[in-house]
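**Q** Here is my input, please return the structure:
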Amino acid sequence: MALPRRLWWTALAVAGGCVTAEEAPRVDLPVVVDTSGVTPATTDLGYLVTLTEARLALRDLRFTTAGEVHTASWSVPWLGSVAYAHPGHDQAGETLGELPGTYVVDWVHGEGQALGTATLVAGDYTAVDFGFDLVDASAGTAATELAGHTVWLEGTAERSGQAIRFTAAVDAPADRELVGAPFVATVTGDTVGRIALRLHTVDPIEGDTLFDGVDFAAVDTDADGMVALAADVPASDDAVNLLRRALLSHDHYDAELQE
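**A** Have a look, this model is predicted:
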C-alpha cells in the first residue's frame, strides 16, 4: 500500500550536486475498539450512570506527533521547498499516520471490533485526532436509533434509590474535529501489535464524567422513570448541550499501542 503523500517524511541528502530522497520506515497496524473505558460513573450530581448502549460515528483517524516543522533554506526543483518534522518539540502536532474512512464504533458490545489498518511512519506519537460523522438515515441504516445522529446512548441513572432509564441522541456540528486525544507511543519499522481506541465515561486525568451536570430527574417531567435526551425534546435541551460538550471533547478519548 503506497504511503499517502501528506504522510511522507522525506530525508534529503545533498552530496556532490546529487539529491536523493528516502522514505522513512512505516508500519501497518490494526485499529480496534477497546471497551474498557466505559464503566459505571458517579456524576457530580450524585447519579450512578451505567451505559448499556453507546455507539458513535467517526471518520478519518489521524495519528500525530508534537513536532516543530522547519523549512529548508534551499529547494529542490522537483520537490520545491522542503519541510521536515522533528518529533518531541512542543508545537502543533504533525500527522504521521492515518486510518481514513467512516466507522460506527460500539463502545459497549464492540470489544476487539476491527476498524481497519492504519499506516504509520516511524516516529514518536503523542495524539490521535478524528472527525465526527452523522449516520446517513438513507443509507440502509434507517432502522437503527443512530440513523441521522452522531452518538446514541442508552443506560440507567440511579440516585437515592430511584432508577431512571434514559436514551440520548447527540449530533455533532458539521465538520467537527476532535484534536489531541492522547496516543503516546514510539513506532519503528519493527513495531507489531494493535492500536486500541477507547472512550472513557470518566476522564482518566481529571475525573470528570460524561454526564456531569445532567439532572436526569429534572428531565423526567412526568416521573415515569424514563427520559429521552434529544434535540427535539425541549425539556432536555440543557442536558443534550452538556452531553455534546463532553462527548466532543478529547478528554474522554485515548488510544494505546498494545504490542
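**Q** all strands in the stretch 151-259 of the chain, in order from the N-terminus.
**A** According to DSSP state E, counting those that start in this stretch, the stretch 151-259 of the chain carries its strands in the segments 151-159, 162-170, 177-187, 194-199, 226-229, 253-258.
**Q** longest helix of this structure?
**A** Identified as the longest helix of the chain according to DSSP state H is helix 237-247.
**Q** for it, packing partners?
**A** strand 151-159, strand 162-170, strand 226-229 (3 or more CB pairs under 8 Å, 6 or more residues apart in numbering; DSSP states H and E). From N, CA and C alone the C-beta is placed, and that goes for glycine too.
**Q** please redo it, this time with the cut-off set to 6 Å
**A** If contacts are counted by 3 or more CB pairs under 6 Å, 6 or more residues apart in numbering; DSSP states H and E, helix 237-247 sits against strand 162-170.
**Q** CA-only coordinates of the longest helix of the chain, as CSV, when you get a sec.
**A** Taking Å, rounded to 0.1, in the frame of the first residue of the first chain, the C-alpha atoms of helix 237-247 are listed here in CSV:
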residue,chain,number,x,y,z
ASP,A,237,-32.0,21.0,25.9
ASP,A,238,-29.6,21.7,28.7
ALA,A,239,-28.8,18.0,29.2
VAL,A,240,-28.1,17.5,25.5
ASN,A,241,-25.8,20.5,25.3
LEU,A,242,-23.8,19.2,28.3
LEU,A,243,-23.6,15.7,26.8
ARG,A,244,-22.5,17.1,23.4
ARG,A,245,-19.8,19.2,25.0
ALA,A,246,-18.4,16.2,26.9
LEU,A,247,-18.7,13.7,24.0
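**Q** how about it: buried residues?
**A** By 16 or more other CB atoms under 10 Å, the buried positions in helix 237-247 come out as 239, 240, 242, 243, 244, 246, 247.
**Q** now swap in stretch 164-174 and tell me
**A** Those would be 164, 165, 166, 167, 168, 169, 170, 171, 172, for stretch 164-174 by 16+ other CB under 10 Å.
**Q** okay, the buried residues of helix 237-247 in JSON lines with distance to residue 94 and pLDDT next?
**A** Shown next, in JSON lines, are the buried residues of helix 237-247 (distance: CB to CB, whole Å; pLDDT from 0 to 100):
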{"residue": "239", "distance to residue 94": "38", "pLDDT": "96"}
{"residue": "240", "distance to residue 94": "35", "pLDDT": "96"}
{"residue": "242", "distance to residue 94": "33", "pLDDT": "97"}
{"residue": "243", "distance to residue 94": "32", "pLDDT": "97"}
{"residue": "244", "distance to residue 94": "29", "pLDDT": "96"}
{"residue": "246", "distance to residue 94": "28", "pLDDT": "96"}
{"residue": "247", "distance to residue 94": "26", "pLDDT": "96"}
